[in-house]
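Undergrad: Mind folding the following:
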Amino acid sequence: MKTKMYTMLAIIFSLFMLTSWTSHEKSQHASYWLSDAEEEHIIFITADGFSEPDYWVGKTIPVTWVNTDTQIHTVTCDNGEFDSGILQPGEKFTISFPHSGVWTYHDQYSKFTGMISVMGRDE
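TA: Okay, here's the model as predicted:
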């Protein structure tokens, strides 16, 4: 019972953090979140899957997937909002997320899955 309560508290805290995120907080807590515009946000697609299957990023910050495998892959949003098309070895796909939320995605040619959590207050 305690485990369920702690899990629920963690979820509530996470949702609170997601909804209360601001630019001011982003600059104060840059070491805790992967949202600094100067950083490159790269997820590698390897033979073992996505290098960062669960990734946090700031709103409007580009995220790039790079196929470092020898096989073709895709980055396909589960709800259809984006699709990289076929990524040959060495090719990349970049997208920015215009509003906060959570996007789950998969590779159409394997069982690889991932999730992008976008932080930022929607104005």
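Undergrad: What helix or strand is the closest residue to Glu52 other than its chain neighbours located in?
TA: Distance criterion Cβ to Cβ, 6 or more residues apart in numbering; nearest residue to Glu52, sequence neighbours excluded, is Ile43 at 4.8 Å. Where you see a C-beta, it was placed from the backbone N, CA and C, and this is true even at glycine. Element membership of Ile43, judged by DSSP states H and E, is strand 42-46.
Undergrad: Which residue, neighbours along the chain excluded, lies closest to Asp54?
TA: Nearest to Asp54 is Met115, by Cβ to Cβ, 6+ apart, at 5.2 Å.
Undergrad: what about the closest residue to Glu40 other than its chain neighbours, how many neighbours?
TA: The shortest distance from Glu40 to any non-neighbouring residue, by Cβ to Cβ, 6+ apart, is to Thr64 (7.0 Å). The number of residues packed near Thr64 is 14, by other Cβ atoms under 10 Å.
Undergrad: one step back: show me the contacts for the residue nearest to Glu52.
TA: Residues in contact with Ile43 (Cβ atoms under 8 Å, 6 or more residues apart in numbering) are Phe50, Ser51, Glu52, Tyr55, Val63, Thr64, Trp65, Val66, Gly114.
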